[in-house]
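Visitor: predicted model, plus sequence, below.
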Amino acid sequence: MLSAAVNFIVRAVVGMALIFFINQYVIPPESSINVGLNAVSFLTSGMLGIPGVGLLYGIVCYQVL
């Protein structure tokens, strides 16, 4: 039980750091393809890990179309 909680927190923190890095350094500043740092992105990256971050960016890209 404790290992699952630690695993969730580690994945969530790494996912949020990845979202921050992509928003700051990969995507151009005037772009509208930014994923917000909020509770939904925290939970998604915590449950799904890095593929969850990709899913969030996929959803945002789909909304821009």
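Guide: On my side now, so go ahead.
Visitor: can you give me the helices for the protein?
Guide: In the chain, the helices defined using DSSP state H lie at 2-21, 39-48, 50-64.
Visitor: let me have the ones you listed in JSON lines, extended by distance to residue 29, mean pLDDT and mean neighbour count.
Guide: Every residue, glycine included, has its C-beta placed from N, CA and C. Putting the helices of the chain into JSON lines (distance: least, C-beta to C-beta, whole Å; pLDDT from 0 to 100; neighbours: other C-beta atoms under 10 Å) gives the following:
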{"stretch": "helix 2-21", "distance to residue 29": "14", "mean pLDDT": "97", "mean neighbour count": "14"}
{"stretch": "helix 39-48", "distance to residue 29": "19", "mean pLDDT": "97", "mean neighbour count": "16"}
{"stretch": "helix 50-64", "distance to residue 29": "16", "mean pLDDT": "96", "mean neighbour count": "14"}
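Visitor: any idea which of those gets closest to residue 28?
Guide: helix 50-64 (13.3 Å; C-beta to C-beta).
Visitor: chain center to the closest one: distance?
Guide: Counting by C-alpha atoms, centre = their mean, to the nearest Å, helix 50-64 is centred 8 Å from the centre of its parent chain.
Visitor: what's the neighbour count on residue 38?
Guide: Close neighbours of residue 38, defined as other C-beta atoms under 10 Å, add up to 10.
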